[in-house]
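Novice: Below is the sequence, then the predicted model.
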Amino acid sequence: MLLLNEHSDYRKPLEAIDAEVLGVEAARTVEHFLHHREGHKPTPLVSLPDLARQIGIASILVKDEGHRLGLGSFKALGGSYAVIKLVLEEASKCLGREVDVAELQGEDVKAIASKMTVACATDGNHGRSVAMGAQLVGAKCSIFVHSGVSEERIAAIARYGATMIRVSGNYDDSVHEAARVAKEKNWITVSDTSWPGYERIPGFVMQGYTALLTEALRQMPERPTHVFVQAGVGGIAATVAGHFSVLFGDARPFFVVVDPSRAACIVETARAGHPVKVDHGEATVMAMLECYEPSLVAWRILSRAADAFMTVEDDDAINAMKLLANPKGSDPAIVAGESGGVGLAALLKVATDKELRAKIGLDPQSRVFLINTEGATDPVLYQQFVGVTPAEIVARNANRSSEKERVA
């Protein structure tokens with residue numbers, strides 16, 4: 001199912017606050033922060049020319065966030081960035097001067113951070129990022145996880161020293177419980193979703209994601225004509241659509257937001273024209289996208305900057321994982337988690353439907369940009385779905401590279 005954007009705000013400029021949060025200067029600030037992060041390096045932009053030829057388009061480029069900062073997800077850019085920014089703000093306030101990220105490990109800043117506690121709810125990746133940021137600055141951290149979060153993902157968060165708090169119910173239940181407890185205990189909620197009266201910190205989280213776009217645009221030989229990005233609460237989709245809207249205006253790529261059919265809160269919000277909370281039914285394998293209520297900030301941006309909204313099924317997501325792991329021809333393999341290849345799943349659905357291709361203008365000249373939002377953040381689940389381990393795929397790519405070098 002594909003729904004074209006017919007909202008009354010469609011193609012209007014972003015609100016001033018959103019344009020500022022996702023603008024060029026903000027993206028430069030994020031890059032400045034990242035230069036002071038140990039282990040930071042740009043993630044690869046992977047070309048899939050054989051797949052592009054197979055589906056009749058000019059190119060497919062995939063920004064592979066499975067390599068990001070040791071966390072294996074684009075979320076590494078958001079939660080930890082927000083934590084660092086909040087600590088620096090508090091340090092500037094306490095010390096009576098502007099404190100730069102270069103001073104993050106200074107004794108004065110560490111002493112201030114040690115008195116702060118950050119908290120959030122998570123499906124896995126955002127919580128790891130917040131916990132990583134808290135450990136980096138020396139702050140305390142409490143992470144709320146719902147019953148659907150796997151033990152592997154919980155353990156991965158706890159490794160950063162976070163206190164884990166289990167909540168019955170789904171992701172949205174954990175969001176509400178995290179906010180309630182944080183308010184009661186005077187902790188700082190660092191959420192990747194927003195609600196009435198709570199927008200500034202989720203804006204920082206989204207701002208952190210701009211780094212992958214800055215990198216991608218530098219890596220691309222040509223600007224994309226089409227973008228497919230998975231949604232969840234809408235944060236990453238809104239970041240991409242909003243940042244490209246600020247940079248390129250009406251010349252921006254055609255932007256498609258992708259939801260799991262079993263948790264289609266953005267699609268249903270687009271259909272209604274206002275934020276909609278969808279019912280919780282059967283769980284989706286796309287665990288990082290299993291969200292039933294959209295972020296208000298994200299929807300505000302997407303209502304203006306997204307061109308279309310669509311859903312994919314669980315089988316579509318699993319097939320995309322398998323295709324990326326076992327590509328045809330000479331395309332390199334990509335390790336994509338259950339939610340990582342959802343943009344590709346949507347592209348493949350559109351590519352096989354003549355009517356949908358016409359609706360979005362997908363043709364032999366189209367250049368498509370996708371984001372592998374996560375690698376195998378739960379390796380056990382990954383092997384169950386794909387049939388091979390992430391290590392086997394990495395080894396296969398290394399062998400292929402060696403073969404090419406020998407031929408050359």
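Specialist: Structure's in. What do you need?
Novice: which residues in the stretch 101-250 of the chain form helices?
Specialist: With DSSP state H, counting those that start in this stretch, the ranges of helices along the stretch 101-250 of the chain come out as 107-113, 125-137, 151-158, 171-185, 200-219, 235-248.
Novice: Those: which one's closest to Ala306?
Specialist: Taking CB to CB, helix 235-248 is the member of the helices of the stretch 101-250 of the chain nearest to Ala306, at 5.1 Å. For every residue, glycine as well, the C-beta is placed using N, CA and C.
Novice: Need the helices of the stretch 101-250 of the chain in TSV (columns: mean pLDDT and distance to Lys277).
Specialist: TSV is the format used below for the helices of the stretch 101-250 of the chain (pLDDT from 0 to 100; distance: least, CB to CB, whole Å):
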stretch	mean pLDDT	distance to Lys277
helix 107-113	97	35
helix 125-137	96	19
helix 151-158	93	24
helix 171-185	95	7
helix 200-219	98	17
helix 235-248	98	17
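Novice: Compare those and report which one is nearest to Leu51.
Specialist: Comparing the helices of the stretch 101-250 of the chain against Leu51 with CB to CB, the closest turns out to be helix 200-219 (18.2 Å).
Novice: any idea of the angle that closest one forms with helix 125-137?
Specialist: 90 degrees (axes from the mean of the first three to the mean of the last three CA atoms, to 10 degrees).
Novice: Mind listing what's buried along helix 200-219?
Specialist: 201-217 (16 or more other CB atoms under 10 Å).
Novice: Could you dump the helices of the stretch 101-250 of the chain into a markdown table with distance to Lys12 added?
Specialist: Shown next, in a markdown table, are the helices of the stretch 101-250 of the chain (distance: least, CB to CB, whole Å):
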| stretch | distance to Lys12 |
| --- | --- |
| helix 107-113 | 40 |
| helix 125-137 | 29 |
| helix 151-158 | 39 |
| helix 171-185 | 29 |
| helix 200-219 | 19 |
| helix 235-248 | 10 |
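Novice: His67 is nearest to which of these?
Specialist: helix 200-219 (10.9 Å).
Novice: where does this protein have low pLDDT?
Specialist: 401-408 (pLDDT under 70).
Novice: Just the strands from it, written as ranges.
Specialist: 2-4, 45-47, 59-64, 117-122, 140-146, 163-167, 188-189, 226-230, 254-260, 308-312, 367-372 (DSSP state E).
Novice: chain center to the last one: distance?
Specialist: Per CA atoms, centre = their mean, to the nearest Å, the displacement of strand 367-372 from the mean C-alpha position of its chain is 13 Å.
Novice: cool, and stretch 64-78?
Specialist: 9 Å.
Novice: Equivalent analysis for stretch 198-207, please.
Specialist: Taking CA atoms, centre = their mean, one finds the center of stretch 198-207 at 14 Å from the center of the full chain.
Novice: I'd like the distance between Lys140 and His243.
Specialist: Separation of Lys140 from His243 (CB to CB, to the nearest Å) stands at 32 Å.
Novice: Of the two, give the one with the bigger neighbour count.
Specialist: With neighbours defined as other CB atoms under 10 Å, Lys140 and His243 compare such that His243 has more, 29 against 17.
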